[in-house]
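Undergrad: A structural model of the following input is requested.
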Amino acid sequence: YEYYSNTDYRRQDLQWRIFWDGCSWAVQHTQVPPAVIPAAACVDDVATANFMFCMSDTTYNAHICPQIAAAGYCNNLVAKAVCASTCSEVTSKCLGDNDEAAAALATYWELTGVTDCAGLCARGAHDPAVRSICKSCAPQGRALAELGAQNLTTNAMFPSQHAVRQLTGGSEWQTFFYTSWGDEEGVPAACTSDLAPDVAQLDDASLCDAEMLGQRVSGLSLQEQCPMHSNVFTTYTGKYCELQNIHAPQVPELQPFTCFALCPNGNEAGAAAECLGYAAGDSAVSDSLCATRETCEELCAAQGDACVSIDMHKSKPRCFLNTDASCADSTSARWVEHGLYSVLVKTEARTNFLTTSDSNCPLNNLKVADLEASIRRHQCVTKCDPEGEECVGDDCYCEEGYPGLDPTVEEDQDALCIPREMCEAICAGLPSCSGFDMHILRPRCYLNKVGTGAEDCTQESSRVAGRNGFNYVQKVAPLQCVPSVVRQADGAVDW
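TA: Here you go, the predicted structure:
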């Protein structure tokens, strides 16, 4: 970086600077975006660009074209033609004769009747800019210093005064690094001081290497890493996996939750609420657990790889933990159709859904009528209207989902006739969805809106508990993605 002023040090190409803002030093980059280089071989004529700005010897600038772009000269047809790569000139023009630029240069020289390269070459082939613009001009073989004395010349065509400031006037700067720490986001509070620049801070202990920012490093790549939620249970409605259960009575952590141990008197009055999952025939060797879905998920997660899925009763606190890999494969022959059970496969996913059994969040529904058509088509009162056109297809669910609904009741108009896995998929894709109320038996759900206070369904105070025929399902948003430097097996360079 070279001295520009007491508060400003700039790199030679003027794309970066170290600037004192009154409180601390900041590394800044010009906000003018780098030009996109066309696929064909348009190149910058750096020598001619320097000639046009009267730069030579000690003022010659190898990075002049990016400065020309930053100063807005790419809007000038002549400058754009000379800095063809940086200014993204059309390939056909940069590789051949650029008649538009030739006509513009002829206008600057006040040549009448010259509108293309043929005419300009006849009058000014001695000038390097003419030969840069018009490739058909025969080279003259003269040194640039000699050409400056010609009558028609682009030497010093643009104001320069042998200073680079003319090429950077009006540029805006964006800060990338600070020498002060700032708040939790790394951005310091607005500077209200006017301290003298502290040159002692200009060292590599407090400033990052802006030279390397944005440059490709051999063997390394920057990739987005998006962490997954673990112990996510994906629902497959209407199935169970047969004969592959964990033998719960033999597992100390599970034995207290077995229906036989928890419910010695069955589901008689006074028994624990979970004993509603007790079934005749449960014995000391039975693998059945009397627990809610959320508890069954916790028990399966605690078993690690030994538990791959859960056979979960739809309406009762009753489940079986599965251990064989086939019970995590929905195509396995071990999976059996059953109207009262669902298989919950343990997996990883970007979005998670947590269940609160026997609870719902009433009167906080997303209005289905306001959602996109792909969601509205599952509206029960429309898709399953007994007086309307019959629904045809595998995703109707009208026979089980519609009974009990009244199209004239506002809340019923927000019901979707789909199973839980489809409700999860829809809610996961809606930023306005915080979760949903899922009927314990029917393929019917109500999407809950994101809200605050009494309308915040994620707060227990906003929900209604009790055996009301619903489970509340809360969406857990994806974890934040972060950048990660990935090293290739060979060729990586450390800096």
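
Undergrad: tell me the contacts of the residue nearest to Leu254 when sequence neighbours are not counted?
TA: With CB to CB, 6 or more residues apart in numbering as the criterion, Leu254 has its nearest non-adjacent residue at 4.1 Å, and that residue is Ala248. The C-beta positions use only the backbone N, C-alpha and C, and glycine is treated the same way. Ala248 is in contact with Leu254, Gln255, Phe257, Thr258, Asp287, Ser288, Leu289, Leu321, counting by CB atoms under 8 Å, 6 or more residues apart in numbering.

Undergrad: same check, this time on Tyr3
TA: Tyr9.

Undergrad: Give me the buried positions along the helix or strand harbouring it.
TA: Per DSSP states H and E, Tyr3 falls inside strand 2-5. For strand 2-5, a neighbour-count test (16 or more other CB atoms under 10 Å) marks Tyr4 as buried.

Undergrad: Just grab the bridge partners of Arg17 for me.
TA: Residues in a beta bridge with Arg17, per DSSP bridges, are Arg10, Gln28.

Undergrad: Isn't it up against Thr7?
TA: No. Using CB atoms under 8 Å as the test, Arg17 is too far from Thr7 to be in contact (9.8 Å).

Undergrad: Figure out the helix or strand that Leu120 lives in.
TA: helix 117-124.

Undergrad: tell me the contacts of the residue lying closest to Ala118 once chain neighbours are set aside?
TA: Spatial nearest neighbour of Ala118, excluding adjacent residues (CB to CB, 6+ apart): Ser136 at 7.6 Å. Contacts for Ser136 (CB under 8 Å, 6+ apart) come out as Gly96, Asp97, Cys117, Ala118, Cys121.

Undergrad: Neighbour-wise, which one of those leads?
TA: Cys117 (25 neighbours; other CB atoms under 10 Å).

Undergrad: Could you tell me which residues make contact with that one?
TA: Cys117 touches Asp97, Asn98, Asp99, Ala102, Ile133, Cys134, Ser136, Cys137, counting by CB under 8 Å, 6+ apart.

Undergrad: Filter the residues you listed down to the buried ones and hand me the PyMOL line.
TA: Buried subset of the contacts of Cys117, written as a PyMOL selection, criterion 16+ other CB under 10 Å:
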select buried, resi 97+98+99+102+133+134+137
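
Undergrad: Show me the contacts of Cys117 that map onto helices.
TA: The helices, defined by DSSP state H, take in Asp99, Ala102, Ile133 from those.

Undergrad: Roughly how far does the last one sit from Ala101?
TA: Distance check for Ile133 against Ala101: by CB to CB, to the nearest Å, it reads 5 Å.

Undergrad: Find the residues that touch each one of the two.
TA: Val78, Ala81.

Undergrad: Now do the helices in the stretch 351-495 of the chain.
TA: 373-376, 380-383, 398-401, 420-428 (DSSP state H, counting those that start in this stretch).

Undergrad: winner for burial among the ones you listed?
TA: helix 380-383 (a mean of 22; mean count of other CB atoms under 10 Å).

Undergrad: Quick check: which helices or strands does that helix pack against?
TA: Counting by 3 or more CB pairs under 8 Å, 6 or more residues apart in numbering; DSSP states H and E, the packing neighbours recorded for helix 380-383 are helix 398-401, strand 415-416.
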